[in-house]
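K.L.:
Here you go, sequence then predicted model.
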Amino acid sequence: MVHFEPVAWTGSSIRIIDQTRLPEALIYEELTNTDEVIKAIRGLKVRGAPLIGYTAAFGLCLAMSSFPAAGKPEDFLAALDRQSDKLATARPTAVNLRWALDRLRQAAHLAIERGPLSSATQAMLEEARMILAEDRKIFRKIGELGFEVLKGYTNILTHCHTGALATAAYGTALAAFHIGREHGKDFTVYVDETRPLLQGARITTFELKLAGIQAILICDSAAAFLMNQRKIDAIIVGADRIAANGDTANKIGTYSLAVNANAHHIPFYVAAPWSTFDLDLDSGSKIPIEERDPVEITCFAGRRISPKDTMAYNPAFDVTPHRLITGIITEKGILTPPYDAVIRRIAEMM
Ligand code: MRU
């Protein structure tokens with residue numbers, strides 16, 4: 001498996017891969033302040049729920065690194081909340097963003113309770129690094145469980161991008177294929193192009209090709225036809241937020257896939273870490289759905305493709321109701337219905 005480092009702390013900045021330039025160019029960029037971090041997240045230079053979280057976490061370290069050493073702890077904590085709230089506005093749907101920021105805030109509070117103010121930024125940095133280290137293990141586990149679920153199938157459909165470039169390693173949905181490769185299993189992965197920003201066409205195919213996994217790119221609208229032709233054995237996607245009842249927000253187009261999978265009796269799986277669950281929301285109807293600039297639909301590769309002033313509506317995510325999901329693959333195990341009871345039980349054990 002090719003190793004990517006989609007985000008890294010350099011000591012004074014955050015190094016990212018500008019994913020809007022893939023696959024033509026692998027360009028690294030350094031982010032040096034909060035505004036640049038927010039712009040990079042919003043502009044999808046870094047994208048995918050877990051990666052957004054890591055980038056925001058390092059962004060908070062960056063923001064707080066300029067706080068005066070002789071400052072007061074209460075001023076530090078107030079500035080921490082302000083910067084954290086600012087970073088949290090970068091994108092609304094992926095809950096991993098807020099989750100990672102909250103972990104860093106807790107680390108800072110603990111450091112200040114126990115030691116000098118100067119230990120807080122170091123504690124935050126260690127926490128951000130720990131999130132990445134933990135996630136590497138978590139995504140391997142998700143890959144192993146995903147492989148267990150999919151190993152009896154060959155032709156798998158996926159949507160958007162869910163690989164190592166969106167996570168700390170392996171990926172969420174794509175992790176199953178990387179682990180499959182280690183076991184000598186040859187999957188054929190049908191990749192939805194993922195309109196309008198083509199994460200499937202640009203990034204998923206890039207990553208699968210590098211890993212030597214057969215990828216066949218299709219238009220999003222071809223998926224139902226392929227299911228009807230019995231060309232798809234199973235579907236696996238990632239998630240940006242999962243409510244307490246299992247309803248799952250993911251890239252726009254995921255819901256249509258789930259409806260079609262159900263109509264064709266094809267198993268439909270979600271793969272996501274526990275950090276993507278939002279137990280404060282009892283159902284998916286409460287998940288905030290990002291609406292992006294209509295220009296992403298009215299223009300293509302910098303050229304307008306619809307008449308001037310065409311109205312367009314561009315929700316970036318949709319919500320798949322839990323009843324359409326065969327299983328949710330997490331590091332805690334493979335969850336099956338009834339999701340609300342299983343999710344509650346796991347939460348109680350933590
Ligand atoms: O808008 P994006 O590219 O950040 O959307 C990404 C997705 O929807 C992924 O499917 C999701 O984050 C899965 S987990 C890597």
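P.N.:
Looks like it came in fine. Residues are numbered from 1 along each chain as shown.

K.L.:
Show me what from the stretch 51-200 of the chain comes close to the ligand.
P.N.:
94, 160, 162, 166-167, 172, 199 (Cβ under 6 Å from any ligand atom). From N, CA and C alone the C-beta is placed, and that goes for glycine too.

K.L.:
and if we set it to 8 Å?
P.N.:
Contacts of the stretch 51-200 of the chain with the ligand, taken as Cβ under 8 Å from any ligand atom, map to 51-52, 91, 93-94, 159-163, 166-167, 171-173, 197, 199.

K.L.:
Quickly find the element holding E144.
P.N.:
helix 118-150 (DSSP states H and E).

K.L.:
Then K39?
P.N.:
helix 34-42.

K.L.:
just the angle between the helix or strand that comes right after that helix and helix 34-42, please?
P.N.:
Once the chain leaves helix 34-42, the next helix or strand it forms, by DSSP H and E, is helix 49-64. Between the axes of helix 49-64 and helix 34-42, defined by axes from the mean of the first three to the mean of the last three Cα atoms, to 10 degrees, the angle is 170 degrees.

K.L.:
re the thing from before, show me what the helix holding K39 is in contact with.
P.N.:
Here helix 34-42 makes contact (Cβ atoms under 8 Å, 6 or more residues apart in numbering) with 14, 16, 18, 29, 31, 46-47, 52, 55-56, 58-59, 62-63, 83, 86-87, 89-91, 97.

K.L.:
Mind giving me the PyMOL select for these, buried ones only?
P.N.:
Restricted to buried positions by 16 or more other Cβ atoms under 10 Å, the PyMOL selection for the contacts of helix 34-42 reads:
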select buried, resi 14+16+18+31+46+47+52+55+56+58+59+62+63+83+86+87+90+91+97
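
K.L.:
mind checking how far E127 is from the ligand?
P.N.:
Here E127 is placed at a distance of 21 Å from the ligand (Cβ to the nearest ligand atom, to the nearest Å).

K.L.:
residues in contact with that residue?
P.N.:
57, 103-104, 106-107.

K.L.:
try T20
P.N.:
Contact analysis of T20 by Cβ under 8 Å, 6+ apart lists 43-45.

K.L.:
most neighbours, which of these?
P.N.:
Among those, K45 has the most neighbours (other Cβ atoms under 10 Å), with 20 neighbours.

K.L.:
Do a quick rundown of the helices in this structure.
P.N.:
Assigned helices in the chain, in chain order: 34-42, 49-64, 73-88, 96-114, 118-150, 175-182, 199, 205-210, 223-228, 254-263, 295-298, 339-349 (criterion: DSSP state H).

K.L.:
how about the strands in the stretch 251-350 of the chain?
P.N.:
Here the stretch 251-350 of the chain has its strands, by DSSP state E, counting those that start in this stretch, at 268-271, 277-278, 299-300, 303-304, 317-320, 327-330, 333-335.

K.L.:
Good, we can wrap up now.
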